[in-house]
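Asks: predicted model and sequence follow; I will ask about them next.
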Amino acid sequence: MGTPICLVGIGKIALDQHVPAIANSDDWTLGATVSRSGTVDGVPAFTDFDQMLAERPDIPVISLCLPPVPRFDYARKAILAGRHVMLEKPPGATLAEVHALTNMAQAAGVTLFATWHSRMAAGVAHAKAWLNDKTIAKTHITWKEDVRRWHPGQNWVFEPGGMGVFDPGINALSILTEILPTPIHLQNATLEFPSNCDTPIAARLDWTGNVTADFDWRQEGPQSWNIDVETSDGRLALRDGGARLLIDENEIDVGPNREYPALYERMAKLVRDGSSDVDLAPMIHVADALTLGKRVTVDEFHF
Ligand code: NAP
């Protein structure tokens, strides 16, 4: 029986990934949930977070699966109640609030883990190792998916702080910032905002180092989560969000893709070691795009 953990925000990602990852883990047991409407069979369910914190001092770890805007208040309360905290990606609605959480966690002596599930995709560590001693000529990201298919009815993605197409795009940026041997910074961006939305539905990005990206949430038919890197010693391709790796068109055996089990293993290690892991590099690129980007208005969007 593992350490009890509480999942907060029983929505799409909690049910798709967190619940099965915890159920199959030797490190963790799902001890409680907090959600206004969602529950998990057989698990004590709270609708009020303060009540859960007060009534379940036996639960030392809280995993927050809420959208980014409401997440800060829950994380702050959890840290102040002396609990270790795992944050879904993106770790917050703003950089400053995540810095604040980092300081609070340090002062409270608890673990804060800002997770990036795509970094745990099976091909990413191999890609990073292969690129480490290469001279990179060009990198291009193609991250095109259908928002209606992956976020049905989730209006928060188009509200302030929802990040729009950067909600999936930040997954690509979490891989990019992990595998590139040298840092880059954004030079140009064009962001397409539907006339009725507060966040972009598409973005074209251009960084130093000849790195470019094309994010689009209007992709019907085949979906693309690709990163292509040209080097002096050959071509690397990550496919399916980093689950597959090809070098010069040859598929490399990278093993099974187990992003969320790997995140929960890492959380167990961080808690054991008394350390935290908060890397804001992917979110800095999003903030830069929203600061620097040319805004173009496009057709209204409705789910
Ligand atoms: P979601 O289903 O729309 O929301 C998750 C849950 O959060 C909801 O069920 C809701 O539960 C709660 N919630 C929503 N707004 C709230 C508010 N204002 N105050 C308190 N609780 C609120 O979203 P999701 O797709 O699971 O995404 C959640 C996070 O996971 C996001 O940061 C997203 O980027 C990340 N993520 C999503 C996916 C995916 O495929 N969807 C993949 C990886 C990561 P109640 O209403 O029952 O309280």
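Replies: Now that the structure is in, tell me what you want to look at.
Asks: all helices for the stretch 201-303 of the chain, in order.
Replies: 259-273, 281-292 (DSSP state H, counting those that start in this stretch).
Asks: which of those sits closest to residue 196?
Replies: Counting by Cβ to Cβ, residue 196 lies closest to helix 281-292 out of those; the figure is 18.3 Å. Yep, even glycine has a C-beta here, placed from its N, CA and C like the rest.
Asks: for the closest residue to the ligand within the chain, which non-adjacent residue is spatially closest?
Replies: For the chain and the ligand, the shortest gap (Cβ to the nearest ligand atom) falls at residue 11, measuring 2.3 Å. Excluding its sequence neighbours, the residue lying closest to residue 11 (Cβ to Cβ, 6 or more residues apart in numbering) is residue 38, at 6.1 Å.
Asks: can you list the buried residues in stretch 85-101?
Replies: Residues of stretch 85-101 classed as buried by neighbour count (16 or more other Cβ atoms under 10 Å): 85-94, 97-98, 100-101.
Asks: and the residue nearest to residue 11, how many neighbours?
Replies: 17 (other Cβ atoms under 10 Å).
Asks: related to what we said a few turns ago, contacts only, for the residue of the chain closest to the ligand.
Replies: Applying Cβ atoms under 8 Å, 6 or more residues apart in numbering to residue 11 gives the contacts 35, 38, 65, 66.
Asks: show me the residues you listed that map onto strands.
Replies: Judged by DSSP state E, strands contain none of those.
Asks: redo those as JSON lines? Include pLDDT and distance to residue 27.
Replies: Output for the contacts of residue 11, formatted as JSON lines (pLDDT from 0 to 100; distance: Cβ to Cβ, whole Å):
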{"residue": "35", "pLDDT": "97", "distance to residue 27": "23"}
{"residue": "38", "pLDDT": "95", "distance to residue 27": "23"}
{"residue": "65", "pLDDT": "98", "distance to residue 27": "18"}
{"residue": "66", "pLDDT": "96", "distance to residue 27": "22"}
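Asks: pull out the buried residues from those.
Replies: Buried, going by 16+ other Cβ under 10 Å: 35, 38, 65, 66, out of those.
Asks: for those, give me a markdown table that also has distance to the ligand.
Replies: A markdown table is the format used below for those (distance: Cβ to the nearest ligand atom, whole Å):
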| residue | distance to the ligand |
| --- | --- |
| 35 | 4 |
| 38 | 4 |
| 65 | 5 |
| 66 | 4 |
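Asks: greatest separation within those: which pair is it?
Replies: Farthest pair in the buried ones among the contacts of residue 11, by Cβ to Cβ: 38 and 66, 11.0 Å.
Asks: can you list residues touching both of the two?
Replies: Contacts common to residue 38 and residue 66, judged by Cβ under 8 Å, 6+ apart, are 9, 11.
Asks: any buried residues in the helix or strand encompassing residue 75, and which?
Replies: Using DSSP states H and E, residue 75 falls within helix 68-80. Across helix 68-80, burial judged by 16+ other Cβ under 10 Å covers 68, 69, 71, 72, 74, 75, 76, 78, 79.
Asks: chain neighbours aside, what residue packs nearest to residue 241?
Replies: Using Cβ to Cβ, 6+ apart, the nearest residue to residue 241 is residue 225, at 3.9 Å.
Asks: how many residues are close by that neighbour?
Replies: By other Cβ under 10 Å, the residues close to residue 225 number 22.
Asks: give the contact list for the spatially closest residue to residue 68 that is not a sequence neighbour.
Replies: Among residues not flanking residue 68 along the chain, residue 93 sits closest, at 4.6 Å (Cβ to Cβ, 6+ apart). Applying Cβ under 8 Å, 6+ apart to residue 93 gives the contacts 68, 69, 71, 72, 161.
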